[in-house]
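Asks: pasting the structure only:
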């Protein structure tokens, strides 16, 4: 018995060996050869890092995505390769990065076939600049995200790389590219088309911003504070919020809008500041606030308990409502219209609150 094998192909035959001279035995392989060439759909550039696999399948139809396939009979890395295969039907799959293309092919006995598999792909090459890259022990990480309404944040990460020169192969589309260095983040939105090679350098040069809050006037008690920081130049980024009284923020260089709130009502200050890479800057937000206490008294001088309060600012917007008998709050200094309502009557008064003032407004029911 003589057996010949070449990869997944084998054949055998019976031979009789004579004692005079060599015996020639012909073993016929029921096979053909298939050369696969992987290339970009647009432009035809070779996909040098592609992974090509060839699997047996019994399903007809070149575009059957649901066709069951067996284990790969052959595989190689690169843009072109050849395999010897038993005669039959096969699925050729080309993969690189997040891109995949499938083609169905029939290999007849004795054939020498060539199949070109075009891949609808784009390439995104990312790098980063900033002195913090060399000075910090943190690892620079690039990530790629796309819109996903089912994800908690509305975006889903699809790829990540810790290489200093990251190279992503993606389907054409719009993506969010992010460079992270510790707590520093640089973001940009990019659109890549078929066959595009897009190179982008993201800056992770950062500075520090130290925030503080000051309420003008000794009469103002301590209240909770909060901040919202939003970049107003360059690529749009997600706003940063914090309720720490004096946060120290590490931010990319650029211009930012800082909104500070004092208390839970309408006391708000907005400032713009430019954060410079490698520098520490301090910003103190000074709030012009006043303390206001409300009271509605009856004919006996005692406060009425069943009363609803509504306080509107100068523009007519409601800034405070309460069902307490003697409510108090911190408000932005300014002009207000106060309304007290009972089951029987409504009472109005307009007042002017000055910064640092502790004001008690008493309305008399009549």
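Replies: Great, that's in hand. Just so it is clear, the model here is predicted, and its values are computed rather than measured.
Asks: looking at the protein, which helix or strand does the model trust least?
Replies: The helix or strand of the chain with the poorest confidence is helix 132-135; it has a mean of 58 (mean pLDDT, DSSP states H and E).
Asks: following that one, which helix or strand shows up next?
Replies: Scanning forward in sequence from helix 132-135 by DSSP states H and E, the next helix or strand is strand 140-147.
Asks: Excluding chain neighbours, what is closest to residue 259?
Replies: residue 228 (4.4 Å; C-beta to C-beta, 6 or more residues apart in numbering). Glycine gets a C-beta too; all of them are placed from N, C-alpha and C.
Asks: was I right about the one you found contacting residue 256?
Replies: No: judged on C-beta atoms under 8 Å, residue 228 makes no contact with residue 256 at a distance of 10.2 Å.
Asks: How many residues are close by residue 326?
Replies: Residues contacting residue 326 under the criterion other C-beta atoms under 10 Å number 16.
Asks: got the contact list for it?
Replies: 293, 294, 295, 303 (C-beta atoms under 8 Å, 6 or more residues apart in numbering).
Asks: Please list all residues in contact with residue 239.
Replies: The neighbourhood of residue 239, defined by C-beta under 8 Å, 6+ apart, consists of 228, 229, 230.
Asks: now the last one: how far from residue 24?
Replies: In other words, residue 230. As judged by C-beta to C-beta, to the nearest Å, residue 230 and residue 24 stand 84 Å apart.
Asks: Which one of these two is surrounded by more residues?
Replies: Neighbours were tallied for residue 230 and for residue 24 using other C-beta under 10 Å; the higher tally belongs to residue 230 (14 against 6).
Asks: In the sheet, which residues pair with the more buried one? Tell me.
Replies: Taking DSSP bridges as the rule, residue 230 bridges to residue 257.
Asks: Please report how far it lies from residue 186.
Replies: For residue 230 relative to residue 186 (C-beta to C-beta), the value is 15 Å.
Asks: Could you do residue 57 as well?
Replies: 45 Å.
Asks: neighbour count winner among these two?
Replies: Neighbours per residue (other C-beta under 10 Å) separate residue 57 from residue 186, with residue 186 holding more: 23 against 18.
Asks: Not counting sequence-adjacent ones, nearest residue to that one?
Replies: residue 202 (4.1 Å).
Asks: what about that neighbour, is that helix, strand or coil?
Replies: strand (DSSP: H, G, I helix; E, B strand; the rest coil).
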